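Trainee: quick one, structure for this:
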Amino acid sequence: MHKIVSSAIAASLALAFSAPAGAAAPARPATVLEAPLRAHLAFLSSDLLEGRGTGQRGGDLTVSYLENQVMAAGLQPANGNSYRQSVRIAGVKALPQDSSIALVAGGKPLALAFGKDWVWAPGDAQAVHDVDAELVFVGYGIAAPEEGGWDDYKGLDVKGKVLVMMVNDPAPTAAEPNRFAGKGLTYYGRWTYKFEEAARRGAAGVLLIHTDASASYGWGVVQNSWMAERFQLADADLGSGLQGWLTDASARALFAAGGQDLDKLRAAAEDKAFKPVVLNARAQGREQAAVRTLEQFNVAGVVPGTDPKLKSEVVIYSAHWDHLGKQGDSGDTIFNGAVDNASGSAGLLAMAQEAARHPAKRSQMFLWVAAEEQGLLGSAAYAAKPLWPLDKTAAALNLDSLNFVGAAKDIGVQGSERSSLGATAAAVAKSMHLNVAAARPDLGGGYFRSDHFSFAKAGVPAFSISGGRDWVKDKEASDAKQKAYGARYHQVSDEYDPNWDLSGMVQQAQFTLNLGRAVADAPQMPAWKAGDQFGKVREGKQ
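Mentor: Numbers count the residues shown, from 1 in each chain. Predicted coordinates:
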């Protein structure tokens, strides 16, 4: 449990009364300073903010702190006269003890224990569903015309049915080594896409088959998420009435009881000629859940542009302010989230202070989004009701978990290659004597799991800037320090350490600010590479 020190509070308060944007600009260029970044980081990750949980007191305190710091830095409100943007969220918690829903195969119900064998919850924020629906195996549940006409549905009307499907996407073959991004994961492989596609087709529900390899995480991750309260946007297109996961063993039992061989069907689903298979099984019974609606807030401030024409366009810098809040009744109950993502939020505050003193030709928006940990909800809410027209949004640059290890000789820009941002990022890196970190196959679908993705889906060139790994000092010790964070990720032990060397955080924030400035001052807005699926959105072709 991290106890904030008085010096950090003093530093934060001192920043609140620093010279506003209207003051005489210093001679130096826009330079991200360590002192304010460290002060913000220490405060945002302190026990006082209780882990910045969605729907919790600590989250409300965080929003108040952010809006006051943005105001003190001299940014203008992005939402009329307010720095806040409302994000209405539905909280849903399955009530298995009050429910009777079961899977019936071959005429007999399967003995499946909630949590151990399967999990489920309503995807439409409705408290009660009476279910009696046929189960259909639809392979990967993908419809991707650009992938050689891949369609796992083959015209089958799945309205009112419960779809059983695999996560991830089809593997590359010797004949098609680059299908579905080869070894990387496309958005079609993400479970979020599968739920969305099923809802678009009117399915009554979706059950995903879990394996550690296909999901890229163990069943325990699924359990922790689905046995707790889950959140979704209350004002968005909602999902199917039944959404959930099956363990591999449960799926095998289900298919066998219905007279099918799961392994044979999996193999068949690797070919685009696959057709859906109606299972001799049904989902039956009553599904009940506790449902509530709450209001959270994005925080946004703007530095107006200086060019009479270009100031109507904007560059957005984003970071999520939320973490996991307080959980449990004993011991250390606060998930402080120092690296994830007090670091990104603090970096953004330090950047905003400098941008306000050094405006660019285009306008610049600094955006702290809510409920990222609940499924990118704050950024999705912004993209659905943007505070600046999306067709006038040049780029969205996101910061999520900054480099706490130390300065590096490289910088991570994976995802920038999808647009002309890649070339700009490389030029900025060179000007800072940094190398661009070598691209790696996106095995876990990282591009689709951070807030920049909400902007990409809406057609805005976007990616997240990550810290480098080619350390300036003591490579072996630095590698060990970085690796050790894996055990603290999403744990109560992700706490601020006043002994941290923040040179890497400053470097990452400075690179992001420099990149945004390059985009803000360029004659033209960035453009997607030809054929990119998100570029088609901006072109109005999707």
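Trainee: going forward, measure contacts and count neighbours with C-alpha atoms only.
Mentor: Noted.
Trainee: quick one, longest helix in the chain?
Mentor: helix 503-521 (DSSP state H).
Trainee: centre of the chain versus that one, how much separation?
Mentor: For helix 503-521, the distance from its own C-alpha centre to the chain's C-alpha centre is 21 Å (C-alpha atoms, centre = their mean, to the nearest Å).
Trainee: for the spatially most distant residue from the centre of the chain, give its distance to residue 242.
Mentor: Distance from the C-alpha centroid of the chain, by C-alpha atoms, centre = their mean, peaks at residue 107 (41.0 Å). Distance, residue 107 to residue 242, using C-alpha to C-alpha, to the nearest Å: 21 Å.
Trainee: then residue 464?
Mentor: 32 Å.
Trainee: who's more crowded, those two?
Mentor: With neighbours defined as other C-alpha atoms under 10 Å, residue 464 and residue 242 compare such that residue 464 has more, 25 against 22.
Trainee: name the residues linked to the more buried one by a beta bridge.
Mentor: Beta-bridge pairing for residue 464 (DSSP bridges): residue 398.
Trainee: now swap in residue 166 and tell me
Mentor: Going by DSSP bridges, residue 166 forms beta bridges with residue 209.
Trainee: got phi/psi on residue 374?
Mentor: Backbone torsions of residue 374, given as degrees, to the nearest 10, read phi -100, psi 10.
Trainee: sec struct for the residue nearest to the spatial centre of the chain, please.
Mentor: Closest to where the C-alpha atoms of the chain average out (C-alpha atoms, centre = their mean) is residue 450, at 2.9 Å. Put simply, residue 450 is coil when judged by DSSP: H, G, I helix; E, B strand; the rest coil.
Trainee: what's near enough to touch it?
Mentor: 372, 376, 398, 400, 464 (C-alpha atoms under 8 Å, 6 or more residues apart in numbering).
Trainee: if I look at the first one, how far off is residue 41?
Mentor: The gap separating residue 372 from residue 41 is 18 Å, by C-alpha to C-alpha.
Trainee: tell me which of those two has more neighbours.
Mentor: Using other C-alpha under 10 Å as the criterion, residue 372 and residue 41 rank with residue 41 on top: 26 against 22.
Trainee: which one is the more buried one nearest to, not counting chain neighbours?
Mentor: residue 346 (5.2 Å; C-alpha to C-alpha, 6 or more residues apart in numbering).
Trainee: ok, that neighbour to residue 256 distance?
Mentor: Residue 346 is 53 Å from residue 256, by C-alpha to C-alpha.
Trainee: and the two? Which one has more around it.
Mentor: Neighbour count, other C-alpha under 10 Å: between residue 346 and residue 256, residue 346 has more, with 28 against 15.
Trainee: that one belongs to a helix?
Mentor: Yes - judged by three-state DSSP, residue 346 forms part of a helix.
Trainee: mind checking how far it is from residue 426?
Mentor: 25 Å.
Trainee: which stretches of the chain have low pLDDT?
Mentor: Residue ranges of the chain with pLDDT under 70: 1-27, 541-542.
Trainee: kindly list the longest strand within it.
Mentor: Secondary structure of the chain read by DSSP state E shows that its longest strand is strand 277-303.
Trainee: what sits closest to residue 54 if chain neighbours are left out?
Mentor: residue 371 is the one closest to residue 54 (C-alpha to C-alpha, 6+ apart), at 6.0 Å.
Trainee: and for residue 350?
Mentor: Among residues not flanking residue 350 along the chain, residue 37 sits closest, at 5.4 Å (C-alpha to C-alpha, 6+ apart).
Trainee: neighbours of the one you found, how many?
Mentor: Residue 37 is flanked by 25 other residues according to other C-alpha under 10 Å.
Trainee: residue numbering should commence at 860 henceforth.
Mentor: Sounds good: first residue 860 from here, last item residue 896.
Trainee: and the helix or strand harbouring it, what does it pack against?
Mentor: Residue 896 belongs to helix 893-903 when assigned by DSSP states H and E. The helices and strands touching helix 893-903, judged by 3 or more C-alpha pairs under 8 Å, 6 or more residues apart in numbering; DSSP states H and E, are helix 865-875, helix 1203-1216, helix 1362-1380.
Trainee: most tightly packed of these?
Mentor: For the helices and strands packed on helix 893-903, average neighbour numbers computed from mean count of other C-alpha atoms under 10 Å are highest in helix 1203-1216, which has a mean of 27.
Trainee: that one: what's the following helix or strand?
Mentor: Helices and strands here follow DSSP H and E; after helix 1203-1216, the next one along the chain is strand 1222-1228.
Trainee: right, and the helix or strand after that next one?
Mentor: Using DSSP H and E, the helix or strand that follows strand 1222-1228 in sequence is helix 1236-1243.
Trainee: I'd like to check the angle between that following helix and strand 1136-1162, please.
Mentor: Going by axes from the mean of the first three to the mean of the last three C-alpha atoms, to 10 degrees, helix 1236-1243 is angled at 80 degrees with respect to strand 1136-1162.
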